[in-house]
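Undergrad: Task: produce atomic coordinates for the following.
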Amino acid sequence: MEKTIWQRVKTGVLLLALFASMFAVGSGGAWAVETLSGRTVSFAEGNWGLGFGQEGTAPTGNATVDELKEYNAYFLGDTSEKEKKLYLTFDCGYENGNIAPMLDALKKHKVSATFFVVGNFLETSPDIAKRIVEEGHTVGNHTFHHPDMSAISSKEAFAKEVNEVADLFKSITGKKMAMFYRPPQGKYSIENLKMAKEMGYSTFFWSLAYVDWYEDKQPTHEQAFDKLLTRVHPGAIVLLHSTSKTNAEILDELLTKWEEMGYQFGTLQELAGAGKS
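TA: Numbers count the residues shown, from 1 in each chain. All right, here's what the predicted structure looks like:
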């Protein structure tokens, strides 16, 4: 998968469902998102979406914590103020020079993160993948080709997408990929969640993200902090893109600010382990 293809799929209209907090419409269980073009897209089409309320509180998703738990799926941890944990994750489509400073910042703060990778990243950046593993981070499955997985209905096709990237990761690092799955673009179906669970995977969505993936239109530091500091909340699963120059530049300071707010950093292993009976 070429970089240009990755960028093209990331700009699809339905991806704006990730940021329902900015354009949320509808009421009750009828969640929808109004795009910049004015088109309204229902989350019922299978797109993960969030709706934010009061600053510092956890958002609502288009599925509840309990509904997702049935499929070993998560978007949120413990929302109490007791521990104030964050779970930091990165989606990796390709390497453009920003992962190294991110890894430096994580190492400085002794934070373990999860990197969800696709086939293109592993094929083009095996040394970075090895460094991620060597520095104690987790690598999860973001599928090989980054397709719309909600359009995949057969177990064979689903398994092929996740197995190919897992096999490539093992051939590069000698390690088994964590059984953590993130649907590309947040597109999913209940059948997908069932398939992932049957294969032994836990599925991870997110409760905090922002528009950080346009390489030629990066947010300013101030814009990034405005989203990532005001919307942070206990139990947040944070999604950042490893291709973002802004993220690379602010991560050290961002981690410091979160720490000053009283946050600690947990792992998805802890979250998945606590969620299973």
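
Undergrad: hang on, Asp104 is in a helix, isn't it?
TA: Yes - Asp104 forms part of a helix when assessed by DSSP: H, G, I helix; E, B strand; the rest coil.

Undergrad: Now do the same contact list for the nearest residue to it once chain neighbours are set aside.
TA: If the residues on either side of it in the chain are set aside, Asp104 comes closest to Asp252, at 7.8 Å by Cβ to Cβ, 6 or more residues apart in numbering. All C-beta spots, glycine's among them, are computed from the backbone N, C-alpha and C. If a contact means Cβ atoms under 8 Å, 6 or more residues apart in numbering, then Asp252 has Asp104, Ala105, Lys108, His109 as its contacts.

Undergrad: Just the buried ones from those residues?
TA: A residue is treated as buried here by neighbour count (16 or more other Cβ atoms under 10 Å); on that basis the buried members of the contacts of Asp252 are Ala105, His109.

Undergrad: Turn the contacts of Asp252 into a markdown table, including distance to Tyr94.
TA: Written out in a markdown table, the entries for the contacts of Asp252 read as follows (distance: Cβ to Cβ, whole Å):
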| residue | distance to Tyr94 |
| --- | --- |
| Asp104 | 19 |
| Ala105 | 20 |
| Lys108 | 25 |
| His109 | 25 |
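
Undergrad: which two in the contacts of Asp252 are spaced the farthest apart?
TA: Farthest apart among the contacts of Asp252 by Cβ to Cβ are Asp104 and His109. That separation is 9.9 Å.

Undergrad: circling back: make JSON lines out of the contacts of Asp252 and add pLDDT and distance to Met149.
TA: Rendered in JSON lines, the data for those read as follows (pLDDT from 0 to 100; distance: Cβ to Cβ, whole Å):
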{"residue": "Asp104", "pLDDT": "98", "distance to Met149": "33"}
{"residue": "Ala105", "pLDDT": "98", "distance to Met149": "31"}
{"residue": "Lys108", "pLDDT": "98", "distance to Met149": "35"}
{"residue": "His109", "pLDDT": "98", "distance to Met149": "33"}
